[in-house]
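**Q** Sequence plus the predicted model coming up.
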Amino acid sequence: MANQSHAANMTQGSIWKLMVRFAIPIFLGNLFQQFYNVADTFIVGNVLGTEAMAAVGSSGNLIFMLIGFFQGVFVGAGVVVSRFWGARDHENVSIAVHTSVAFAIVAGLVLTLVGVLLTPTILDWMHTPADVLPNSIEYFRVYFGGVIFAVLYNAVNGIFQAVGDSRHPLYFLIFSAVVNTVLDLLFVVSFGMGIEGVALATVIAQCLSAVLTLYVLTTTDGPYRICWKKLCMDWSLLYRIVCVGLPAAIQQMVTSVSNVFVQSYINVFGSDVMAGWSACMKIDQFMMLPMMSVGLASTTFTGQNVGASYIDRAKKGATTAFLLAELVTIVMMIPLLIFAPQMVYLFNQEAAVIRYGTLFLYLLSPFYILCCVNQVYSCLLYTSDAAD
């Protein structure tokens, strides 16, 4: 049976050391996750061509739009679990964990139904070009057929992070990245399955990772262990989770809907511009990793310290997170501005795609500093909410 050794108490000790120690595994895990996202785009762009790359590349915004609200709610679940964990209220930790997993199952089933049925309509609203539309529909329907595994995977990883365990999510993401990349090569290169193979590889990798995460959470000896007989939603606690997560859910929805509008405008200009935007977005996701990782670390840090009624320490943690995220992001922007064309070239060698992708990267680069502010501000909202 697994033990609690990876769980961490973030209410004691050096703030910046705890923050860095917790954020590094999150960063590495997200890095591996981006690697398998990049593997999809790299293999598609170099094996299946520009139209297929455009179809896969345009998937991110639509997927994010459909699951963004629930991801925001799971942020609330993580905050609630971390508060109970910081207060050493193990009974409510258990209730919150079972409520989160039960809600994730329901949310996954709803998203599967909505995604499979509404994909063609949404793609039509996004002005998806005729040469890209068949591949897009095929990709989305396969992906959303297994989206419940992605929802469960993210929900359980959030539970681990809420109790200060960023090691297990790292292991799961490494496993998922390796499985997805191997299956991409097998299905697309060896079996010639095309865009369906790319989507199927992602679904299988997420399914195996979800099963693995649930197994570990079921066999741990901590208070956050899943006992399947106790799996149900505590409605009062679910209401609290939704209230805490609602600002993040609305933010996710607003961001994702705006991204869908941007994607719809990009689609009007054809597959070359779509492929350039796709490459830009993959690189952009790497740029967002430091601030995302530090933001997740600060959310856990804040939740645990608010739960322990250490409000001043929680606020100091938010300031530390801001400075760390800004520093790392500035350092990463330097190679981005110097090697932007070479980065786009990795995904597609067509001159038009490289030109558009590079232009998009140059236009986006000034906004990364502002994104750091947004991450820390969200953390401060949780602090003030709990302190009131």
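**A** Ah, there it is.

**Q** for whichever strand or helix holds Thr320, which positions count as buried?
**A** Thr320 is part of helix 311-345, with elements assigned from DSSP states H and E. Using 16 or more other Cβ atoms under 10 Å as the test for burial, helix 311-345 gives 313-315, 317-318, 320-322, 324-326, 328-329, 332, 336, 340, 343-345. To be clear about C-beta, it is placed using only N, CA and C from the backbone, and glycine gets the same treatment.

**Q** Flag the shaky bits of the stretch 51-200 of the chain, pLDDT-wise.
**A** Across the stretch 51-200 of the chain, the ranges flagged by pLDDT under 70 are 51, 53-62, 65-66, 126.

**Q** Next, please give the residue ranges for the helices of it.
**A** 59-86, 90-125, 133-145, 147-162, 167-184, 195-219 (DSSP state H, counting those that start in this stretch).

**Q** Dump stretch 168-175 to PDB, keeping only the CA atoms.
**A** Only the C-alpha atoms of stretch 168-175 are listed here, as PDB (Å, rounded to 0.1, in the frame of the first residue of the first chain):
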ATOM      1  CA  HIS A 168       3.000  11.600  -8.400                       C
ATOM      2  CA  PRO A 169       1.600  13.900 -11.000                       C
ATOM      3  CA  LEU A 170       5.100  14.100 -12.500                       C
ATOM      4  CA  TYR A 171       5.300  10.300 -12.800                       C
ATOM      5  CA  PHE A 172       1.900  10.100 -14.400                       C
ATOM      6  CA  LEU A 173       2.600  12.800 -16.900                       C
ATOM      7  CA  ILE A 174       6.000  11.200 -17.900                       C
ATOM      8  CA  PHE A 175       4.100   7.900 -18.400                       C
END
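
**Q** from the chain's centre, how far out does that stretch sit?
**A** 13 Å (Cα atoms, centre = their mean, to the nearest Å).

**Q** and of the helices of the stretch 51-200 of the chain, who's closest to Asp234?
**A** For the helices of the stretch 51-200 of the chain, proximity to Asp234 was assessed by Cβ to Cβ; helix 90-125 is nearest, at 4.9 Å.

**Q** follow-up on the earlier one: need the helices of the stretch 51-200 of the chain in a markdown table (columns: mean neighbour count).
**A** Listed next are the helices of the stretch 51-200 of the chain as a markdown table, based on neighbours: other Cβ atoms under 10 Å:
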| stretch | mean neighbour count |
| --- | --- |
| helix 59-86 | 24 |
| helix 90-125 | 18 |
| helix 133-145 | 21 |
| helix 147-162 | 25 |
| helix 167-184 | 21 |
| helix 195-219 | 21 |
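
**Q** Compare these and report which one is nearest to Met274.
**A** helix 133-145 (10.1 Å).

**Q** about what we covered before: tell me which of the helices of the stretch 51-200 of the chain sits nearest to Ser271.
**A** helix 133-145 (10.3 Å).

**Q** how far does the closest one sit from the chain's center?
**A** 20 Å.

**Q** okay, it in CSV with CA atoms only?
**A** Taking Å, rounded to 0.1, in the frame of the first residue of the first chain, the C-alpha atoms of helix 133-145 are listed here in CSV:
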residue,chain,number,x,y,z
LEU,A,133,-13.2,20.2,-41.7
PRO,A,134,-13.3,16.3,-42.3
ASN,A,135,-10.1,15.8,-40.4
SER,A,136,-11.3,18.1,-37.6
ILE,A,137,-14.6,16.3,-37.1
GLU,A,138,-12.8,12.9,-37.1
TYR,A,139,-10.2,14.1,-34.5
PHE,A,140,-12.8,15.7,-32.2
ARG,A,141,-15.2,12.8,-32.2
VAL,A,142,-12.5,10.3,-31.3
TYR,A,143,-11.1,12.6,-28.6
PHE,A,144,-14.4,13.4,-27.0
GLY,A,145,-15.3,9.7,-27.0
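
**Q** re earlier: determine which of the helices of the stretch 51-200 of the chain approaches Leu364 most closely.
**A** helix 59-86 (14.4 Å).

**Q** Which of the three states applies to the nearest residue to Trp277 once chain neighbours are set aside?
**A** Nearest non-adjacent residue to Trp277, counting by Cβ to Cβ, 6 or more residues apart in numbering: Ile266, 4.9 Å away. Counting by DSSP: H, G, I helix; E, B strand; the rest coil, the backbone at Ile266 sits in helix.

**Q** thought Ile266 was touching Asp272?
**A** No - counting by Cβ atoms under 8 Å, Asp272 is not a contact partner of Ile266; they are 10.6 Å apart.

**Q** Would you quantify the distance from the closest residue to Gly146 other than its chain neighbours to Val142?
**A** Counting by Cβ to Cβ, 6+ apart, Val203 is the residue found nearest to Gly146 once chain neighbours are left out, at 3.5 Å. Distance of Val203 to Val142, computed by Cβ to Cβ, to the nearest Å: 6 Å.

**Q** any idea how far Val147 is from the residue nearest to Trp277?
**A** With the distance defined as Cβ to Cβ, Ile266 ends up 24 Å from Val147.

**Q** still on that earlier bit, what separation do you get for the residue nearest to Trp277 and Ala352?
**A** Counting by Cβ to Cβ - Ile266 and Ala352 are separated by 14 Å.

**Q** Please apply the same query to Trp85.
**A** The spacing between Trp85 and Ala352, counted by Cβ to Cβ, is 51 Å.

**Q** How about Pro335?
**A** When distance is defined by Cβ to Cβ, Pro335 is 24 Å away from Ala352.

**Q** gap between stretch 85-103 and the chain center?
**A** 22 Å.

**Q** Need the residues that contact that stretch.
**A** 7, 10-11, 73-74, 77, 80-81, 84, 152, 155-156, 158-159, 162-164, 214, 217, 223-227, 230-234, 237-238, 241, 303-309 (Cβ atoms under 8 Å, 6 or more residues apart in numbering).
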